[in-house]
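Undergrad: Dropping a prediction and its sequence here:
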Amino acid sequence: MLRTYNYQDLNTEDLQQLVQRNVDPANEIRTIVEDIISNVREHGDNALLDYARKFDKVQLEKLYLDKAELAELAQALQPEQKEALKTAYQNIYKFHQSQLSNEGKIETMPGVTCWREARPIEKVGLYIPGGTAVLPSTFLMLGIPARIAGCKEIVVCSPPQKSGKVNAFIAYVAELLDIDRIYFAGGAQAIAAMAYGTESISKVDKIFGPGNQFVTKAKTIIQSTTTTAIDMPAGPSEVLVIADETANPIFVAADLLAQAEHGIDSQAVLATTSEQMAEAVIAELNKQLPVLPRAEIAEQAIKNSYAVVVSSLNQAMQFSNLYAPEHLILASENWEQITGDIINAGSVFLGNLTPESVGDYASGTNHTLPTSAYARAYSGVSVDSFVKKITFQHISPQGITNIGPTVEILAELEGLHAHKNAVTVRLAK
Ligand SMILES: NC(=O)c1ccc[n+]([C@@H]2O[C@H](COP(=O)([O-])OP(=O)(O)OC[C@H]3O[C@@H](n4cnc5c(N)ncnc54)[C@H](O)[C@@H]3O)[C@@H](O)[C@H]2O)c1
Ligand SMILES: N[C@H](CO)Cc1c[nH]c[nH+]1
Ligand SMILES: [Zn+2]
């Protein structure tokens, strides 16, 4: 069920192929998405209504739910469900609030002072996935840092459910976050609407949130064609588990399946130092998978997944750094030996008692993370993602005497005499 490779049999080309995911060689996804984007640009709200009919099978009467409608929907929740969402809210809030740091002022030379201050991005767009599963946890993961950062306008889009509404959990999170409206827009059309604006939806400065291949492709396209920025490419979920002989195969299989159940294009990879462990995990997958309610989805994802047998934890880490997983689980009693070697990963789960699911929901870390090897260069969402850091400098009378001659020489060297003069006129005073 899980393809297994021996690391030592793989050459560099095999490894490169193995770590590739979600490639779109014939540009099929790009072509579909470009067409959706230009349709939304041209037809605005009407295009969104058409796509809701086409992709979400919903005939919408209006494009959003307001605060009163959301509050009414939220009443359907049981007290323990509200409590669970509140606990998650508090933990995520605590962890993200700790990210608000005030950097000190630095005197680079006597009288020359430099510093940075954070300012919120004013208009942000949050995409909350809702195709194969509705994800209120993603709403918390994006809404909390946006609120902590102090963003003025928060536009929220999520695909409409068959009921023509949003689900009660999403409605309750909207209440916790004090959100005024949720727009019914899913997929690439939601991203286009927030990047260009429509009659109802404001154009935003930056779009956040994970999604399927259509959402992710739309984000990467609008990033290069509009002035709207994106958090990162955060596509189909993936996990890489490093397991040695101290791992528990029941836990490892459960962790692989937890990400496999997200979508047929999710990927769950095992890198193990023990052939017996690989066999035991496969036996567990065979037991645990068929009884899952989302077995069909998970089975497809597991077909798209594999195990690699390595000779040491160091070799496992070498492979993991090449793969650059969204989630990395160190299923070993010896995890402390190898954390220092982690170079590329979105979020890391240490030891045998730390399931990835805790990060998905409630430990406090953010679950919006780079996929498809983008963890080589991107970090996951944080409060920093919602602010710009503006640099400041101040030069005192002593400072201009100290730094002025250096700038004059450098400006002269570049042949930029007006630059030099801006210093010279001050030195002459
Ligand atoms: N990386 C992360 O941080 C992270 C976090 C949470 C979820 N995820 C991933 O987000 C994804 C959510 O995907 P989803 O599909 O459930 O929901 P989604 O909201 O991303 O996508 C649903 C929308 O896709 C569009 N769509 C569906 N089929 C289409 C088609 N054939 N052509 C054009 N558009 C189409 C529709 O508009 C639909 O509303 C999953 O893959 C999950 O693994 C990633
Ligand atoms: N694992 C997802 C990120 O890839 C996040 C999530 C939301 N709900 C459950 N899981
Ligand atoms: Zn998950």
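TA: The structure has been received and is ready for your questions. Ligands and ions are numbered 1, 2, ... in the order given.

Undergrad: Tell me the helices and strands packed up against the longest helix seen in the chain.
TA: The residue-count maximum for a helix in the chain (DSSP state H) belongs to helix 28-56. Judged by 3 or more C-beta pairs under 8 Å, 6 or more residues apart in numbering; DSSP states H and E, the packing partners of helix 28-56 are helix 187-196, helix 213-225. The C-beta positions use only the backbone N, C-alpha and C, and glycine is treated the same way.

Undergrad: Around the nearest residue to A188 once chain neighbours are set aside, count how many other residues there are.
TA: Of all residues not flanking A188 in the chain, A218 sits nearest, at 3.7 Å (C-beta to C-beta, 6 or more residues apart in numbering). If you count neighbours by other C-beta atoms under 10 Å, A218 ends up with 30.

Undergrad: List the contacts of A218.
TA: The contact partners of A218, taken as C-beta atoms under 8 Å, 6 or more residues apart in numbering, are V33, I36, I37, G187, A188, I191, A192.

Undergrad: quick one: which two of these are the most distant?
TA: I37 and G187 (10.8 Å; C-beta to C-beta).

Undergrad: Give me the more crowded residue out of these two.
TA: Counting neighbours by other C-beta under 10 Å for I37 and for G187 shows that G187 has the greater number, 27 against 24.

Undergrad: Please tell me how far the more buried one sits from N402.
TA: To N402, G187 is 57 Å away according to C-beta to C-beta, to the nearest Å.

Undergrad: Could you do F349 as well?
TA: For F349 relative to N402 (C-beta to C-beta), the value is 50 Å.

Undergrad: which one of those two has more residues nearby?
TA: Legend: neighbour count by other C-beta under 10 Å for F349 and N402, higher for F349 (24 against 16).

Undergrad: SS state for that one?
TA: Here F349 takes the strand state, with states given by DSSP: H, G, I helix; E, B strand; the rest coil.

Undergrad: mind checking pLDDT for T424?
TA: Confidence at T424, expressed as pLDDT, is 98.

Undergrad: Counting neighbours, what do you get for it?
TA: Neighbour count of T424, defined by other C-beta under 10 Å: 15.

Undergrad: For it, which residues are in contact?
TA: Applying C-beta under 8 Å, 6+ apart, the residues near T424 are G404, E408.

Undergrad: That one and ligand 2: what is the separation?
TA: 56 Å (C-beta to the nearest ligand atom, to the nearest Å).

Undergrad: element containing that residue?
TA: Assigned by DSSP states H and E, T424 falls within helix 417-427.

Undergrad: From the chain's centroid, how far away is that helix?
TA: Taking C-alpha atoms, centre = their mean, to the nearest Å, one finds helix 417-427 lying 46 Å from the centre of the chain it belongs to.

Undergrad: Run through the helices of the stretch 151-300 of the chain in chain order.
TA: In the stretch 151-300 of the chain, the segments counted as helices under DSSP state H, counting those that start in this stretch are 168-177, 187-196, 213-225, 249-260, 275-288, 295-303.

Undergrad: what comes up buried for the fifth one?
TA: In other words, helix 275-288. M277, A278, A280, V281, I282, E284, L285, Q288 (16 or more other C-beta atoms under 10 Å).

Undergrad: Equivalent analysis for the last one, please.
TA: Of the residues in helix 295-303, those buried by neighbour count under the rule 16+ other C-beta under 10 Å are A295, I297, A298, E299, A301, I302.

Undergrad: mind checking pLDDT for the residue nearest to the fourth one when sequence neighbours are not counted?
TA: It stands for E299. Leaving aside its sequence neighbours, E299 sits nearest to L289 (C-beta to C-beta, 6+ apart; 6.3 Å). L289 is assigned 98 on the pLDDT scale.

Undergrad: And G415, by the same measure?
TA: At G415, pLDDT is 98.

Undergrad: again, but for L369
TA: So, for L369, pLDDT stands at 98.

Undergrad: wait, isn't it in contact with L328?
TA: No. In this structure L369 lies outside contact range of L328 using C-beta atoms under 8 Å: 10.4 Å.

Undergrad: overlap in contacts of the two?
TA: Counting by C-beta under 8 Å, 6+ apart, the contacts common to L369 and L328 are G346, S347.

Undergrad: just the helices and strands packed on helix 28-56: most buried one?
TA: Comparing those by mean neighbour count (mean count of other C-beta atoms under 10 Å), helix 187-196 ranks first with a mean of 29.

Undergrad: Briefly note if that one comes near ligand 1.
TA: Yes. Residues of helix 187-196 contacting ligand 1 under C-beta under 6 Å from any ligand atom: G187, A188.

Undergrad: Which other helices and strands does that helix contact?
TA: Checked by 3+ C-beta pairs under 8 Å, 6+ apart, helix 187-196 has helix 28-56, strand 123-127, strand 153-158, strand 206-208, helix 213-225 packed alongside it.

Undergrad: how does it look with 6 Å?
TA: helix 28-56, helix 213-225 (3 or more C-beta pairs under 6 Å, 6 or more residues apart in numbering; DSSP states H and E).

Undergrad: Thanks again, I'm all set now.
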